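Participant: Prediction below, plus the sequence it came from.
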Amino acid sequence: MRGNLAIAIPFVLAWGSEPQAPRRRSTRPRRGTRLRATALDRRLAAGERVGGDKGLARRAAWLASSSSRESIASALRDVVSAAERRPAPGTRAPIARSEVAAAADELDHLARRLQAPGQVDPRGVAEAWLLITDGSGPLYNRRSGHRLDAAARAARLALAPAGPGLGQGAAQA
């Protein structure tokens, strides 16, 4: 019975019609964007403009969405919370605890700015995203060569949307 049910699920039965397979949208562009996400994030964080690159535009839109920003802010707060707690016996958190503790205020400022209403520059969101996803970065690696508080501050300042006459990410401290 279970096998028959799995076969029947992909079909839609309209009133008085024969079963039809649902129309499928191509996932190729979205799948390609997901596979290239880190490279796209690095390009955005470096300040590259979206221009005519549809993959870069999709990634920038995803990063700048309120749900993505909320998730990144939550992850930043979770990291700060984890740095304040003692790890359970036999486990070791991969975060650079002392660096996170020292940068806690700046990480909180970044999280609050990510959650603030209004538009943001995808560059800053990409920088924040890379901060929490790059295992070789200052959040996880004391010897990364970058200060965590400076990286968090740079991401926060880069969140300011580019306006007329301003460069992308330009902001006052």
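Facilitator: Sure, I can see it. No experiment lies behind these values; they were computed from the predicted model shown.
Participant: Ranking helices and strands of this structure by mean pLDDT, which lands last?
Facilitator: Confidence across the helices and strands of the chain bottoms out at helix 2-8, with a mean of 42, counting by mean pLDDT, DSSP states H and E.
Participant: residue ranges with poor pLDDT in the chain?
Facilitator: With pLDDT under 70 as the threshold, the chain has low-confidence stretches at 1-35, 88, 90-93, 162-173.
Participant: Provide a complete list of residue ranges assigned to helices in it.
Facilitator: Listed in chain order, the helices of the chain (DSSP state H) span 2-8, 28-35, 37-45, 54-64, 66-84, 97-102, 104-115, 122-133, 148-158.
Participant: Most tightly packed of those?
Facilitator: Neighbour counts averaged per stretch over the helices of the chain are highest for helix 122-133, at a mean of 25; criterion: mean count of other Cβ atoms under 10 Å. C-beta here means a position set from N, CA and C on the backbone, and glycine is covered the same way.
Participant: Okay, angle between that one and helix 104-115 too, please.
Facilitator: For the pair helix 122-133 and helix 104-115, the angle between their directions (axes from the mean of the first three to the mean of the last three Cα atoms, to 10 degrees) equals 130 degrees.
Participant: can you list the residues that contact helix 122-133?
Facilitator: For helix 122-133, the external contacting residues (Cβ atoms under 8 Å, 6 or more residues apart in numbering) are 38, 41-42, 44-45, 47, 50, 59-61, 63-64, 68-69, 72, 75-76, 79, 110, 114, 137-139, 151-152, 154-160, 168-169.
Participant: okay, that helix in PDB with CA atoms only?
Facilitator: The C-alpha atoms that make up helix 122-133 are tabulated as PDB, following Å, rounded to 0.1, in the frame of the first residue of the first chain:
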ATOM      1  CA  PRO A 122      23.500  42.800   1.000                       C
ATOM      2  CA  ARG A 123      27.300  43.300   1.400                       C
ATOM      3  CA  GLY A 124      26.900  43.600   5.200                       C
ATOM      4  CA  VAL A 125      24.600  40.600   5.400                       C
ATOM      5  CA  ALA A 126      27.100  38.600   3.400                       C
ATOM      6  CA  GLU A 127      29.900  39.600   5.700                       C
ATOM      7  CA  ALA A 128      27.800  38.600   8.800                       C
ATOM      8  CA  TRP A 129      26.800  35.300   7.100                       C
ATOM      9  CA  LEU A 130      30.400  34.500   6.300                       C
ATOM     10  CA  LEU A 131      31.400  35.400   9.900                       C
ATOM     11  CA  ILE A 132      29.200  32.700  11.200                       C
ATOM     12  CA  THR A 133      29.700  30.100   8.400                       C
END
